[in-house]
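Participant: mind looking at a prediction? Sequence and model below.
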Amino acid sequence: QVQLAESGGGLVQPGGSLRLSCAASGFALDQSVIAWFRQAPGQTRLGISCININDDTTFYAASVKGRFTISRDNAKNTVYLQMNNLRPEDTAIYYCATEDRCGRVFKGKNWGQGTQVTVSS
């Protein structure tokens, strides 16, 4: 059974950093495109980053580009999202999911349960 589990969320001050983890079970992460999404209160869930199979090329939404970094550790079957210079508007529940392809269009499937990130002073 394909399962994803996010962790690493929490409360952080503006300008701070967090690293989210997306751990997979039931399949090998290096055989799948993985994407991160977030859903802020009262808003729709939006894709923010993804990482490709094979060449590990990446895509970032404009809202996080230059501040967030997605990476993959195949030995740990885990994908990470390093988030730096966090802003209050980054407050959301963060989800990882598998994707058919990595690019501007996000659909997502095999969702994890999400992890809350709150950026506040």
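Facilitator: Structure's in. What do you need? Numbers count the residues shown, from 1 in each chain.
Participant: rest of the way, CA atoms for contacts and neighbours
Facilitator: OK.
Participant: could you confirm residue 20 falls within a strand?
Facilitator: Yes. Checked against DSSP: H, G, I helix; E, B strand; the rest coil, residue 20 lies within a strand.
Participant: which non-adjacent residue is nearest it?
Facilitator: Nearest in space to residue 20, with sequence neighbours left out and distances taken as C-alpha to C-alpha, 6 or more residues apart in numbering, is residue 8 at 4.5 Å.
Participant: let me see the contact set for the one you found.
Facilitator: 18, 19, 20, 21, 115 (C-alpha atoms under 8 Å, 6 or more residues apart in numbering).
Participant: need the residues you listed in JSON lines (columns: neighbour count and distance to residue 60).
Facilitator: Listed next are these as JSON lines, based on neighbours: other C-alpha atoms under 10 Å; distance: C-alpha to C-alpha, whole Å:
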{"residue": "18", "neighbour count": "18", "distance to residue 60": "17"}
{"residue": "19", "neighbour count": "16", "distance to residue 60": "16"}
{"residue": "20", "neighbour count": "23", "distance to residue 60": "15"}
{"residue": "21", "neighbour count": "23", "distance to residue 60": "17"}
{"residue": "115", "neighbour count": "21", "distance to residue 60": "19"}
